[in-house]
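K.L.:
Here's a sequence, model it:
(one chain, ligands or ions: 2)
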Amino acid sequence: MIPLPFNLEPIDEDNYLISNFSGFYSFIGATDLQSLIDLGYASNKKMAELEDKLFISNQEDYTTKAALLTSAVSKKIKEALSFNPIFMIVPTLRCDHTCKYCQVSRASVKANGYDLEESEIGDYILLMKRISTPPFKIEVQGGEPLIRFDLIQKIYQKAAIELGEEAFQIIITSSLSLIDDDIIEWCSSRNVSFSVSLDGDQFVHDSNRILPGDSSYKRAISSIKKLTDSLGRHRVSTVTTVTRKLVENPESLLKAHEEIGIYDLFVRPVSHYGFADSIFKDSYEFDEYKLFYTRLFNLILARRKRGIHFVEHSAAIHMKRIQTPNFNSYADLKSPAGIIFNALILNYDGNLYGSDETRMLQREIQLDLSCGDSQRFLASQNQYYAATIASSFNIVKPGCDHCVYQPYCGSDPCQNISEFGDPIGETPLSSFCQYHKMMFKFIFTELYKSEEGKEMLEEWVNA
Ligand code: SF4
Ligand code: SF4
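P.N.:
Residues are numbered from 1 along each chain as shown. Ligands and ions are numbered 1, 2, ... in the order given. As a prediction, the model looks like this:
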């Protein structure tokens with residue numbers, strides 16, 4: 001037998017996780033691993049599995065199996081390069097909040113010059129129609145987009161005329177501080193849903209999400225309740241940015257969600273992009289995030305035993321990448337990166353960007369990172385795009401090429417520019433690597449050691 005290429009990492013003192021380019025993985029004891037490397041053999045009960053998963057081959061099949069591995073890599077790359085963007089629109093950069101970790105350098109509510117011209121909307125919808133195919137997903141971002149609800153209505157009207165009402169959905173990302181009965185009524189008969197920030201209980205949420213003169217938490221909770229009563233739970237989702245206050249108190253996140261009857265979480269660490277990194281000093285180390293996530297996971301497991309089923313979608317996405325290495329729908333976890341291929345954003349100033357992170361980076365480094373405007377998609381004319389995408393194939397990236405998580409992980413050249421000044425960066429030191437390595441290691445450890453944890457993670461993949 002001959003070993004085929006694979007990467008490895010200890011999962012505990014005596015056992016290793018191994019993976020290969022095609023995305024197969026296995027857990028193997030240290031003795032078997034040594035024998036596999038030296039002789040191409042392992043104990044009898046492992047041999048069939050290792051052969052099926054392309055870790056070893058006999059002499060006669062070697063060329064075929066090596067070809068199977070390389071064709072799996074080509075297929076993965078081809079699928080990651082398919083153009084299937086979420087279309088994002090920023091109707092205004094103005095916002096009524098002053099969140100401590102804000103990434104977008106929002107403008108004050110009364111500021112001038114931070115709103116999208118209405119005339120850009122029709123052109124952008126036509127551009128969407130030219131360069132992509134239905135179903136279209138339109139995400140409305142901010143600032144606080146409800147400040148210009150009139151523009152959101154225009155987006156809907158233009159899209160209904162040009163794309164057809166059945167061909168698109170709109171997701172409004174909002175703090176919900178400005179929502180009222182008229183807005184809810186308008187949304188009720190249309191394919192419009194909401195993505196709302198919820199960072200924990202009132203103390204945790206209001207410590208960082210600042211709404212001058214009021215409680216951001218109280219507004220969010222009462223508005224979510226109104227929305228779920230009127231539109232149904234399926235039309236509201238939450239996003240949680242983990243702050244130091246939440247790291248210390250994961251239970252508060254579950255309690256806040258129980259209060260609104262939403263059992264789906266999407267939990268992510270505080271971002272290191274641009275504006276956020278320059279002013280948000282109340283951060284934490286990834287070791288602390290790991291402790292937080294472990295406690296949160298165990299709290300969810302304990303509730304599951306009592307029949308209360310939470311789903312944490314960030315882990316679910318990591319699981320989908322492990323179980324289906326060709327799963328490429330999540331822009332932040334793919335290789336090559338999802339810039340352009342998974343996102344196209346029309347900014348309030350009429351410029352197009354290939355990702356939300358790119359628009360934030362542009363404000364940080366003061367270089368033109370746009371890829372056209374509402375009428376013209378010109379990604380090929382800005383070197384930034386070719387350079388970042390070319391730098392984001394993790395299979396050949398220093399540090400990632402020998403990493404056991406490489407087939408499932410992604411690449412974030414934009415964040416590398418923000419942290420290191422170039423799109424490749426220093427992988428082990430990057431916050432992208434530290435976060436995703438932690439998540440993959442956590443998940444594989446659960447898959448290896450805990451029947452209960454494994455069962456719950458597998459449920460989450462299909463949730
Ligand atoms: S994070 Fe969102 S809600 Fe908070 S200040 Fe920034 S744009 Fe406004
Ligand atoms: S970014 Fe880190 S975890 Fe991901 S493949 Fe590269 S080295 Fe591994």
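
K.L.:
Checking stretch 104-113 against ligand 1, do any of its residues make contact.
P.N.:
Yes: against ligand 1, stretch 104-113 shows contacts by CB under 6 Å from any ligand atom at V104, R106. Glycine gets a C-beta too; all of them are placed from N, C-alpha and C.

K.L.:
Neighbours of the residue in the stretch 151-300 of the chain positioned nearest to ligand 2, how many?
P.N.:
Per CB to the nearest ligand atom, F286 is where the stretch 151-300 of the chain lies closest to ligand 2, at 11.5 Å. F286 has 16 neighbours, counted by other CB atoms under 10 Å.

K.L.:
Contact partners for it?
P.N.:
P269, S431, Q434, Y435, M438 (CB atoms under 8 Å, 6 or more residues apart in numbering).

K.L.:
Just the ones of those residues in strands?
P.N.:
Counted as lying in strands by DSSP state E, out of the contacts of F286, are P269.

K.L.:
For the stretch 201-350 of the chain, which residues are neighbours of ligand 2?
P.N.:
For the stretch 201-350 of the chain, no residue is in contact with ligand 2 (CB under 6 Å from any ligand atom).

K.L.:
Measure how buried R94 is and give me the count.
P.N.:
Residues lying near R94 (other CB under 10 Å) number 22.

K.L.:
Correction: the previous question concerned K110.
P.N.:
By the criterion of other CB under 10 Å, K110 has 6 neighbours.

K.L.:
Tell me the secondary structure at the residue sitting nearest the centre point of the chain.
P.N.:
Relative to the mean C-alpha position of the chain, the nearest C-alpha, by CA atoms, centre = their mean, is the one of D332, at 4.4 Å. For D332, the assignment made with DSSP: H, G, I helix; E, B strand; the rest coil gives coil.

K.L.:
need the contact list for S431.
P.N.:
By CB under 8 Å, 6+ apart, the contact list for S431 reads P269, H272, F286, Q415, E419.

K.L.:
doesn't Y289 make contact with the first one?
P.N.:
When you say that, I think you mean P269. Yes: because the distance of 5.5 Å satisfies CB atoms under 8 Å, P269 is recorded as touching Y289.

K.L.:
Are there residues contacting both of the two? Which ones?
P.N.:
Common contacts of P269 and Y289 (CB under 8 Å, 6+ apart): V242, Y435.

K.L.:
re earlier: in strands, which of the contacts of S431 appear?
P.N.:
Residues from these lying in strands, with DSSP E as the criterion: P269.

K.L.:
Among the contacts of S431, name the ones in helices.
P.N.:
F286, Q415, E419 (DSSP state H).

K.L.:
With distance to L127 and pLDDT added, can I get those residues in TSV?
P.N.:
Conversion of the ones in helices among the contacts of S431 to TSV gives the following (distance: CB to CB, whole Å; pLDDT from 0 to 100):
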residue	distance to L127	pLDDT
F286	39	89
Q415	27	92
E419	32	91
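
K.L.:
For N326, state which of these is nearest.
P.N.:
Closest to N326 out of the ones in helices among the contacts of S431 is Q415 (23.6 Å), distances taken as CB to CB.

K.L.:
Excluding chain neighbours, what is closest to that closest one?
P.N.:
Excluding the flanking residues, the one nearest Q415 by CB to CB, 6 or more residues apart in numbering is F432, at 5.3 Å.

K.L.:
Would you enumerate the residues in contact with the one you found?
P.N.:
F432 makes contact with G410, S411, D412, Q415, N416 under the criterion CB under 8 Å, 6+ apart.

K.L.:
most neighbours, which of those?
P.N.:
Going by other CB under 10 Å, S411 tops these with 33 neighbours.

K.L.:
So it, which state does it fall into?
P.N.:
Here S411 is recorded as coil under three-state DSSP.

K.L.:
check contacts around it.
P.N.:
S411 is in contact with K334, S335, P336, A337, S391, S392, F393, N394, K397, C400, F432, counting by CB under 8 Å, 6+ apart.

K.L.:
try 7 Å this time
P.N.:
Neighbour list for S411: S335, P336, A337, S392, N394, K397 [criterion: CB atoms under 7 Å, 6 or more residues apart in numbering].

K.L.:
which ones among those residues are found in helices?
P.N.:
If you go by DSSP H, the contacts of S411 have nothing in helices.

K.L.:
so where do the helices sit in the stretch 251-400 of the chain?
P.N.:
Under the criterion DSSP state H, counting those that start in this stretch, the stretch 251-400 of the chain contains helices at 251-260, 274-279, 286-305, 313-323, 356-365, 383-390.

K.L.:
what do you get for the stretch 51-200 of the chain?
P.N.:
62-80, 119-131, 149-162, 181-188.

K.L.:
May I see the buried residues of the third one?
P.N.:
Just to be clear, that refers to helix 149-162. By neighbour count on 16 or more other CB atoms under 10 Å, the buried set for helix 149-162 is F149, L151, I152, K154, I155, Y156, K158, A159, A160.

K.L.:
and that helix with helix 119-131, angle?
P.N.:
Interaxial angle, helix 149-162 versus helix 119-131 (axes from the mean of the first three to the mean of the last three CA atoms, to 10 degrees): 30 degrees.

K.L.:
what do you get for the shortest one?
P.N.:
Between the axis of helix 181-188 and that of helix 119-131 there is an angle of 20 degrees, by the same axes, to 10 degrees.

K.L.:
Tell me where the model's unsure across the stretch 201-350 of the chain.
P.N.:
Where the stretch 201-350 of the chain drops to pLDDT under 70, the residues are 272-282.

K.L.:
80 instead, please
P.N.:
271-283, 325 (pLDDT under 80).

K.L.:
Residue of it closest to ligand 1, please.
P.N.:
Closest approach between the stretch 201-350 of the chain and ligand 1, counting by CB to the nearest ligand atom: R209, at 6.1 Å.

K.L.:
With the stretch 151-300 of the chain instead?
P.N.:
Distance from ligand 1 to each residue of the stretch 151-300 of the chain (CB to the nearest ligand atom) is smallest for S175, at 4.7 Å.
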